[in-house]
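Trainee: have a look at this prediction, sequence included:
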Protein chains: 2
Amino acid sequence: MHSWIDGRPATAINLQNRGLAYGDGLFETIAVRAGRPSLLDGHLARLALGCQRLAIDADLALVRDELLRFASQLGDGVAKLILTRGDSQRGYAPVAGAMPRRILQGSPLPSYPAGHAEQGVQLFPCQTRLGLQPLLAGLKHLNRLEQVLARAEWQDVELAEGLMLDGQGRVVEGVYSNLFLVRDGVLLTADLSRCGVAGVMRGALLAQARLQGIATEVCDIPFDALVQADEVFVCNSVYGVWPVRGIPALNLNWSPGPLTRKLQAVARTLLDT
Amino acid sequence: MHSWIDGRPATAINLQNRGLAYGDGLFETIAVRAGRPSLLDGHLARLALGCQRLAIDADLALVRDELLRFASQLGDGVAKLILTRGDSQRGYAPVAGAMPRRILQGSPLPSYPAGHAEQGVQLFPCQTRLGLQPLLAGLKHLNRLEQVLARAEWQDVELAEGLMLDGQGRVVEGVYSNLFLVRDGVLLTADLSRCGVAGVMRGALLAQARLQGIATEVCDIPFDALVQADEVFVCNSVYGVWPVRGIPALNLNWSPGPLTRKLQAVARTLLDT
């Protein structure tokens, strides 16, 4: 698939890029259908927040224009957008006037088994815990070794996602998704102010649920709350919503419930428009 | 200055490199004098530990050979060695059989003011705290956003380093150095099993101190222990040892003491041979 740097086709990047040196940048993984990026505003808003928190002075209007142009050439697929602080000599200090680099990479839309969305998925309980770092929490930054370590913990293809807890044992998210619980009709998802990635689909589903009068709560989720949940699902901005039917290693099982199905339909609509 | 990838001159790296995508790799910053890397065994040992912990299957004998060859061409300078897990398609899962990439970048030896080593340096107390992540603690991996954020906190060139605490307020290290205290003749430095970078100079100084019969302790360091220290110094494998003479923002002051001077001489010897 094709890739661009700063709006032009390229397959290699300067060795002095701070994305390579320090993971000094952000990324977005964006579903593209019929040449149009899904959830565009949500992705750009999270990127803008990340730039603000990391003090990366990027031209986000230009990022948007390039993304739209890239998506129209991609047609159907996944556009990965990486924004780094740019190039610099050795040294952690951000260099004043460094030009942030905009990278776009296209890949095919993944084809997941239909059962993932229909009957639901099973999770692997990762031993890798998320460290607490409020300054980076919520951002989709390029420091992703925790996810790499967590994803390396299992190979069984029957387990479509991994469950990640934080250092204190609270339930946070999947390795590449956010996690929701339903309990007594209330939709719950983890507060991500200390760790975790605030997924664009998570944000969109929370907003849609509130619009539809569904009670929502963003809070700390002790492991017991997961055990006692009526419904569990994971979501991201590529596949939408997958019900979680169990964590075999922990003998936990759930059935896809009505709220999961409702939000799954919402996600489908969000991704299709 | 010149740079190599996998033993050959190169200035750009494949966009699919996992170092860029996820910070999925390690690095070493190595002083080179008269064509020879200083503290070579220490750097290679830490790299080997990192490869083991991250399950990066690198040919470390080849890394060593290339580093020696690169250093001999560099003459005097700093060789930065980056080892990434290699290239892959999108996705956190490490790909079996991925070829780790070896990157070498040369830069001039930095010229610090002579006063740093003589009268000592002053520190900026960083607000950025180190998150706790035992799985990554001690490694010099490529996920360095905490250091980037910390280093961006101050511009005053009179402050040569930043002091970093962990999320619980314990004293850990500098932004690009390790920190030692002396109290009642005992040499103390932070336990790095939850966060921090186990510097090669730190390890060498601890070993040399023990050989010389100096009492050493690797332990948690509450902030009060810093306040009450008789001597404070920072070290890394490029500049050796700098006495710390104060943290102006906190009205803390120390004088370079005998143990600091002794270990400064040790560091000088280690870097010169």
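Mentor: Received, thanks. Numbers count the residues shown, from 1 in each chain, chains lettered A, B, ... in the order given.
Trainee: run a quick neighbour tally on residue A:88.
Mentor: 17 (other Cβ atoms under 10 Å in any protein chain shown). Using the backbone N, CA and C atoms, a C-beta is placed for each residue, glycine as well.
Trainee: residues contacting the residue nearest to it when sequence neighbours are not counted?
Mentor: Among residues not flanking residue A:88 along the chain, residue A:95 sits closest, at 4.5 Å (Cβ to Cβ, 6 or more residues apart in numbering or on different chains). Residue A:95 makes contact with A:86, A:88-89 under the criterion Cβ atoms under 8 Å, 6 or more residues apart in numbering or on different chains.
Trainee: quick one: the helices in chain A?
Mentor: Along chain A, counting by DSSP state H, helices occupy A:18-22, A:40-54, A:60-74, A:114-118, A:145-151, A:200-211, A:223-227, A:258-272.
Trainee: for residue A:131, find the nearest of the ones you listed.
Mentor: Among the helices of chain A, helix A:145-151 comes nearest to residue A:131, with 6.9 Å by Cβ to Cβ.
Trainee: which of the residues in the closest one are buried?
Mentor: Neighbour-count burial for helix A:145-151, counted by 16 or more other Cβ atoms under 10 Å in any protein chain shown, picks out A:145-151.
Trainee: burial check on the residue in chain A that chain B sits nearest to, number of neighbours?
Mentor: For chain A, the residue closest to chain B is residue A:23, as judged by Cβ to the nearest Cβ, at 3.2 Å. Counted with other Cβ under 10 Å, the neighbours of residue A:23 add up to 27.
Trainee: nearest spatial neighbour of it, chain-adjacent residues omitted?
Mentor: residue B:23 (3.2 Å).
Trainee: could you check how far that neighbour is from residue A:29?
Mentor: Distance, residue B:23 to residue A:29, using Cβ to Cβ, to the nearest Å: 16 Å.
Trainee: go on, residue A:53?
Mentor: Residue A:53 is 19 Å from residue A:29, where distance means Cβ to Cβ.
Trainee: check residue A:154 too.
Mentor: Using Cβ to Cβ, residue A:154 is found at 21 Å from residue A:29.
Trainee: doesn't residue A:13 make contact with residue A:20?
Mentor: Yes - assessed by Cβ atoms under 8 Å, residue A:20 is found in contact with residue A:13 at 7.2 Å.
Trainee: quickly list what's touching both of those two.
Mentor: Counting by Cβ under 8 Å, 6+ apart, the residues touching both residue A:20 and residue A:13 are B:13, B:20.
Trainee: who's more crowded, the two?
Mentor: Each of residue A:20 and residue A:13 has its neighbours counted (other Cβ under 10 Å); residue A:20 has more, 28 against 23.
Trainee: which residue packs closest to the most centrally placed residue in chain A, ignoring adjacent ones?
Mentor: By Cα atoms, centre = their mean, chain A has its centre lying nearest to residue A:199, at 4.3 Å. Setting aside the residues directly before and after it, residue A:199 is nearest to residue A:178 in space (Cβ to Cβ, 6+ apart), at 4.2 Å.
Trainee: pick out whichever of residue A:154 and residue A:29 has more residues nearby.
Mentor: Shown here are residue A:154 and residue A:29; by other Cβ under 10 Å, residue A:29 has more neighbours (21 against 18).
Trainee: from residue A:69, how far out is the more buried one?
Mentor: Distance from residue A:29 to residue A:69, by Cβ to Cβ: 18 Å.
Trainee: again with residue A:123
Mentor: 38 Å.
Trainee: again, but for residue A:142
Mentor: Residue A:142 is 23 Å from residue A:69, by Cβ to Cβ.
Trainee: check which residues of stretch A:120-136 are buried.
Mentor: Going by neighbour count (16+ other Cβ under 10 Å), the buried part of stretch A:120-136 is A:120-126, A:128-133, A:136.
Trainee: dump the residue contacts of the closest residue to residue A:145 other than its chain neighbours.
Mentor: Once flanking residues are discounted, residue A:145 sits nearest to residue B:143: 4.9 Å by Cβ to Cβ, 6+ apart. Counting by Cβ under 8 Å, 6+ apart, residue B:143 touches A:22-23, A:143-145, B:23, B:136.
Trainee: for the residues you listed, give me TSV that also has pLDDT and distance to residue A:37.
Mentor: TSV is the format used below for the contacts of residue B:143 (pLDDT from 0 to 100; distance: Cβ to Cβ, whole Å):
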residue	pLDDT	distance to residue A:37
A:22	98	28
A:23	98	24
A:143	98	24
A:144	98	22
A:145	98	28
B:23	98	25
B:136	98	33
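Trainee: let me have those residues in CSV, extended by distance to residue A:214.
Mentor: Shown next, in CSV, are the contacts of residue B:143 (distance: Cβ to Cβ, whole Å):
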residue, distance to residue A:214
A:22, 41
A:23, 36
A:143, 34
A:144, 31
A:145, 36
B:23, 37
B:136, 38
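Trainee: near chain B, which residues of the stretch 151-273 of chain A show up?
Mentor: A:151-152, A:167, A:175-176, A:195 (Cβ under 8 Å from any Cβ of the partner chain).
Trainee: which of those sit farthest apart?
Mentor: Greatest spatial distance among those (Cβ to Cβ): A:167 and A:176, at 19.9 Å.
Trainee: neighbour count winner among those two?
Mentor: Neighbour tally, residue A:167 and residue A:176, criterion other Cβ under 10 Å: the higher count belongs to residue A:176, 22 against 17.
Trainee: wait, isn't that one in contact with residue A:235?
Mentor: No - because the distance of 10.6 Å does not satisfy Cβ under 8 Å, residue A:176 is recorded as not touching residue A:235.
Trainee: ok, the residue lying closest to residue A:78 once chain neighbours are set aside - contacts?
Mentor: Once flanking residues are discounted, residue A:78 sits nearest to residue A:107: 4.9 Å by Cβ to Cβ, 6+ apart. For residue A:107, the contact set (Cβ under 8 Å, 6+ apart) comprises A:1, A:77-78, A:80, B:89-90.
Trainee: next step: those restricted to strands.
Mentor: Within the contacts of residue A:107, residues falling in strands by DSSP state E are A:77-78, A:80.
Trainee: which one of those sits closest to residue A:185?
Mentor: Nearest member of the ones in strands among the contacts of residue A:107 to residue A:185, counting by Cβ to Cβ, is residue A:78, at 34.1 Å.
Trainee: what's the neighbour count on that closest one?
Mentor: Counted by other Cβ under 10 Å, the residues lying close to residue A:78 total 20.
Trainee: beta-bridge partners for residue A:123, please?
Mentor: Beta-bridge partners recorded for residue A:123 (DSSP bridges): residue A:161.
Trainee: how about the nearest residue to the residue located most distally from the centre of chain A, chain neighbours excluded?
Mentor: Distance from the centre of chain A peaks at residue A:89, with 30.6 Å (Cα atoms, centre = their mean). Using Cβ to Cβ, 6+ apart and skipping the chain neighbours, the partner closest in space to residue A:89 is residue B:107 (6.5 Å).
Trainee: beta partners for that neighbour?
Mentor: Beta bridges link residue B:107 to residue B:78, judged by DSSP bridges.
Trainee: next one: residue A:25
Mentor: Beta-bridge partners, per DSSP bridges, of residue A:25: residue A:84.
Trainee: next one: residue A:14
Mentor: Taking DSSP bridges as the rule, residue A:14 bridges to residue B:12.
Trainee: pLDDT on stretch A:11-18, on average?
Mentor: Across stretch A:11-18, pLDDT averages out at 96.
Trainee: repeat for stretch A:89-97
Mentor: For stretch A:89-97, the mean per-residue pLDDT is 88.
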